[in-house]
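Visitor: Need a 3D model of the following:
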Amino acid sequence: MNKPQFGGLDAFSRCVEKKIMLRVSYSDTVGGQCWRLYGRLTGPWVDELRSCWRQLRDRAPLAHAVVDLKEVTFIDEDGEKLLGEMMCAGTEFIATGVATKDLLENLKNHREYTLRRSVEDLGALGAEPETPQNGDKRK
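Guide: Okay, here's the model as predicted:
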């Protein structure tokens, strides 16, 4: 079986200077498709993940899908939209941290996430992004 080919040099080149990275680990298991995300679900990585997601879901549309968000450190607005799309498709999420769990609950209930703060917004206010504490993976 051919492995799906993903990736775009464009997504990589736009983020490498800023060191904004997302690592995705994927495996087919007896229980379905398992995804583990590490880093920041932001910028061009959202579109890259969406592309990978669609290609693999098209290959096995009835398989149970699980996305592990325990190692995600930041999710921007586009990342939230993608998680919402995944949730509507029946995806199960694994998360730690109050903010990530709250985000998923809001997506589940089709509510807007009102605590959104982008890195740019914090910079405009002269504030530094907070360092995650006590298992909270969102900034």
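
Visitor: rest of the way, CA atoms for contacts and neighbours
Guide: Fine.

Visitor: where do the strands sit along the protein?
Guide: 22-29, 32-41, 65-75, 92-94 (DSSP state E).

Visitor: any chance of those in a markdown table, plus mean pLDDT?
Guide: Formatted as a markdown table, these follow (pLDDT from 0 to 100):
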| stretch | mean pLDDT |
| --- | --- |
| strand 22-29 | 92 |
| strand 32-41 | 94 |
| strand 65-75 | 95 |
| strand 92-94 | 96 |
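
Visitor: can I get those in TSV with distance to residue 101 and mean neighbour count?
Guide: Shown next, in TSV, are those (distance: least, C-alpha to C-alpha, whole Å; neighbours: other C-alpha atoms under 10 Å):
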stretch	distance to residue 101	mean neighbour count
strand 22-29	19	14
strand 32-41	15	19
strand 65-75	10	21
strand 92-94	9	15
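
Visitor: With respect to residue 52, which of those lies nearest?
Guide: Closest to residue 52 of these is strand 22-29 (C-alpha to C-alpha; 9.6 Å).

Visitor: Would you quantify the distance from residue 67 to residue 60?
Guide: Look at residue 67 and residue 60: by C-alpha to C-alpha, to the nearest Å, they are 15 Å apart.

Visitor: ditto for residue 99
Guide: Distance from residue 99 to residue 60, counting by C-alpha to C-alpha: 31 Å.

Visitor: Neighbour count for these two, which is higher?
Guide: Legend: neighbour count by other C-alpha atoms under 10 Å for residue 99 and residue 60, higher for residue 99 (18 against 14).

Visitor: Report the separation between the more buried one and residue 56.
Guide: 28 Å.

Visitor: do the same with residue 36
Guide: Following C-alpha to C-alpha, the distance that separates residue 36 from residue 56 is 14 Å.

Visitor: what does residue 107 give?
Guide: 23 Å.
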